[in-house]
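Undergrad: I'd like to go over a predicted model; first the sequence, then the structure.
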Amino acid sequence: MAMLINGLPGEVVSALDRGFNYGDGVFRTLRLRGGRPWMWRWQYARLADDAARLRLEAPDEQLLLDELMALGREHESAVAKIVLTRGAGARGYAMSAARAPTRIVSVSPWQGYPQEYGEQGVTACWCELRLSIQPALAGVKHLNRLENVLARSEWDDPAIQEGLLLDQDGWLVEGTMSNVYLLRGRQLLTPRLDRNGVNGAVRDWLTGNISDFGLEFIEMRLSAADLIDADAAFLSNSLMGIWPLARLGERVWTPSPLLQALRQALLQQA
């Protein structure tokens, strides 16, 4: 792994950093293809929006792009991570105690997921953990991901690729590492993220482009039963792209040509 901390090579941050002490920061994980970040336009927009939600100043876009490309230029395929924290500060929750922000950019070689996940679909399970409700952080990819960590610990079966999460009121929210979508007729349905969950870059792309496929994009409250009754379902994030959902418990979906068309269109994005 290659890493830059505030633009300098290194692997160590201060023990006083608020990202370490309080999860006070945001992050984004993304793919590099041929040394260039995939979906960069959407990735940076999400990072900047999340930072603003936490009253953090987002780094200059070109600066981040230059750092990613400098670290990734030797790799045909790699995974990158951008972490932005409020920086080191004195003890206590007050934001005024923070000093300069901390910016961490790292890149590791990565060969990607098995191709059949995108072509044939994946198997998911229901997680027992229920997501908490906090509208102030809804949609933000902040550094405190303990709910996701605990949910992911619920299974170790290699035949299961993702776990799906409901909130405390029983509404479908997301996967442990993905956004979730349902096809119902000519509608693409996805959970509202106004109370919890993470808004991903691929989700943003779908929001703006799904009408090209003759579909209506709808955000709404969705139940577990809605998912089971869907004509088709799929998952997305910035590393997987789009994975059709093939099995969830006893429910099995057949491959959908429409989902493959969506997947290919997404992969063609710069």
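TA: It's in. Numbering: from 1, shown residues only.
Undergrad: which stretches of the stretch 51-200 of the chain form helices?
TA: Secondary structure of the stretch 51-200 of the chain (DSSP state H, counting those that start in this stretch): helices at 61-72, 115-120, 146-152.
Undergrad: Can you dump the C-alpha atoms of stretch 136-149 in PDB for me?
TA: Provided in PDB are the C-alpha atoms of stretch 136-149 (Å, rounded to 0.1, in the frame of the first residue of the first chain):
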ATOM      1  CA  ALA A 136     -28.200  14.500  11.000                       C
ATOM      2  CA  LEU A 137     -25.900  11.900   9.700                       C
ATOM      3  CA  ALA A 138     -28.200  10.200   7.100                       C
ATOM      4  CA  GLY A 139     -26.400   9.600   3.800                       C
ATOM      5  CA  VAL A 140     -23.000  10.600   5.100                       C
ATOM      6  CA  LYS A 141     -20.100   8.200   4.800                       C
ATOM      7  CA  HIS A 142     -18.600   9.200   8.200                       C
ATOM      8  CA  LEU A 143     -15.800   7.400   9.900                       C
ATOM      9  CA  ASN A 144     -17.900   5.600  12.500                       C
ATOM     10  CA  ARG A 145     -19.000   2.400  10.800                       C
ATOM     11  CA  LEU A 146     -19.400   0.200  13.800                       C
ATOM     12  CA  GLU A 147     -22.900  -0.900  12.900                       C
ATOM     13  CA  ASN A 148     -21.600  -2.100   9.500                       C
ATOM     14  CA  VAL A 149     -18.600  -3.900  11.200                       C
END
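Undergrad: buried sites along it?
TA: Across stretch 136-149, burial judged by 16 or more other Cβ atoms under 10 Å covers 137-143, 145, 147-148. C-betas here are computed from N, CA, C, even on glycine.
Undergrad: quick one: which two of those residues are the most distant?
TA: The span of the buried residues of stretch 136-149, defined through Cβ to Cβ, is set by 138 and 143 at 15.6 Å.
Undergrad: follow-up on the earlier one: of the helices of the stretch 51-200 of the chain, flag the one that's most buried.
TA: Among the helices of the stretch 51-200 of the chain, the stretch with the highest mean neighbour count (mean count of other Cβ atoms under 10 Å) is helix 61-72, at a mean of 17.
Undergrad: Excluding its own residues, what touches it? List them.
TA: 2-4, 7, 32, 35-37, 40, 44, 47-48, 78, 80, 82, 103, 105-107 (Cβ atoms under 8 Å, 6 or more residues apart in numbering).
Undergrad: So which of these sit within strands?
TA: 2-4, 32, 36-37, 78, 80, 82, 103, 105-107 (DSSP state E).
Undergrad: Quick check on those residues: which are buried?
TA: Among the ones in strands among the contacts of helix 61-72, the ones that count as buried by 16+ other Cβ under 10 Å are 2-4, 32, 37, 78, 80, 82, 103, 105-107.
Undergrad: Among the residues you listed, which pair sits farthest apart?
TA: Across these (Cβ to Cβ), the longest gap, 18.6 Å, separates 78 and 103.
Undergrad: The helix or strand containing residue 265 - contacts with which helices or strands?
TA: Using DSSP states H and E, residue 265 falls within helix 257-267. Helix 257-267 sits against helix 201-209, strand 232-237, strand 241-248, with contacts defined as 3 or more Cβ pairs under 8 Å, 6 or more residues apart in numbering; DSSP states H and E.
Undergrad: Quick check: residue 260 touching residue 213?
TA: No. Counting by Cβ atoms under 8 Å, residue 213 is not a contact partner of residue 260; they are 11.4 Å apart.
Undergrad: Correct me if wrong: residue 247 contacts residue 120.
TA: No. Using Cβ under 8 Å, residue 247 makes no contact with residue 120, being 10.5 Å away.
Undergrad: Excluding covalently adjacent residues, which one is nearest to residue 55?
TA: Counting by Cβ to Cβ, 6 or more residues apart in numbering, residue 95 is the residue found nearest to residue 55 once chain neighbours are left out, at 6.9 Å.
Undergrad: gap between the one you found and residue 56?
TA: 9 Å (Cβ to Cβ, to the nearest Å).
Undergrad: try residue 90
TA: 18 Å.
Undergrad: Comparing these two, which shows the higher neighbour count?
TA: residue 56 (21 against 10; other Cβ atoms under 10 Å).
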